[in-house]
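[1] Starting from these lines, generate the structure:
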Amino acid sequence: MTAAAIPRPVAAEYAPYYGRYIDKVPDGDLLRTLEDQGRETQAVLAGLSEAKALHRYAPGTWSVKEVIGHVTDTERVFSYRALRFARGDAIALPGFDENAWVPAGSFDARSLKDLAAELDVVRRATIALFRGLDAAALARRGTASDNAVSVRAIAWIIAGHERHHVALLHERYKV
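    Next comes the predicted model:
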């Protein structure tokens, strides 16, 4: 296994909850999938107006901008976890409350262009991180949110999490 090949993790490498994300990612070159996703998501966002980016599909739901902020925050957190575990850090990491983070992020006050640019930078950093990991680092495990997870599973979770939210943007937000 090379850094360019990040095999699909087996179920024992992640908590069952994350299977819903990993299952959304097609087999193949995960780094290429992450790159393609980044371009595809940027194309979707480029086609939105500021008004559409403030849309909520129902009262009490996140706006499109808040969804993008959440995806960015989550990718950043998961990449940090991957870095810690890849470097052999055995300290258990806490979870985070996405429902508290989104309002604190004040995403609706920012331009969609700025949010899209930040997501792009975070995705590029994620790809660079995983591209630089060898087989031993990808196989390492750690604990986050009271669940054991492998570094390679985190890479697949990141891809599936974005895929999940972009699908919701199409289905519920009609973007």
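[2] residues contacting G88?
    Applying Cβ atoms under 8 Å, 6 or more residues apart in numbering, we find G88 in contact with R140. The C-beta positions use only the backbone N, C-alpha and C, and glycine is treated the same way.
[3] Give me the distance between it and T74.
    G88 sits at a distance of 24 Å from T74 (criterion: Cβ to Cβ, to the nearest Å).
[4] now R140
    Taking Cβ to Cβ, one finds R140 at 21 Å from T74.
[5] what do you get for L30?
    17 Å.
[6] Please identify which of the two sits among more neighbours.
    L30 (22 against 19; other Cβ atoms under 10 Å).
[7] Which residue is the nearest non-sequential neighbour of the more buried one?
    Nearest residue to L30, sequence neighbours excluded (Cβ to Cβ, 6 or more residues apart in numbering): I6, at 4.3 Å.
[8] Next: T33.
    A159 is the one closest to T33 (Cβ to Cβ, 6+ apart), at 5.5 Å.
[9] What is the neighbour count of that neighbour?
    24.
[10] Now for H164: which residues touch it?
    R20, Y21, K24.
[11] Need phi/psi at it.
    The phi and psi torsions at H164 (degrees, to the nearest 10) take the values phi -60, psi -50.
[12] Tell me the confidence at it?
    On pLDDT, H164 comes in at 98.
[13] same question, E50
    You'll see E50 listed with a pLDDT of 98.
[14] which residues does it contact?
    Neighbour list for E50: S111, L112 [criterion: Cβ under 8 Å, 6+ apart].
[15] Which residue ranges of the protein form helices?
    In the chain, the helices defined using DSSP state H lie at 19-22, 30-46, 50-53, 64-86, 98-105, 112-131, 135-139, 151-171.
[16] which residue sits closest to K174, ignoring its sequence neighbours?
    K174 sits nearest to Y57 (Cβ to Cβ, 6+ apart), 7.9 Å away.
[17] close enough to count as contact, that neighbour and V175?
    No: the pair Y57 / V175 is not scored as a contact, 10.1 Å apart, by Cβ atoms under 8 Å.
[18] more crowded one of these two?
    V175 (17 against 14).
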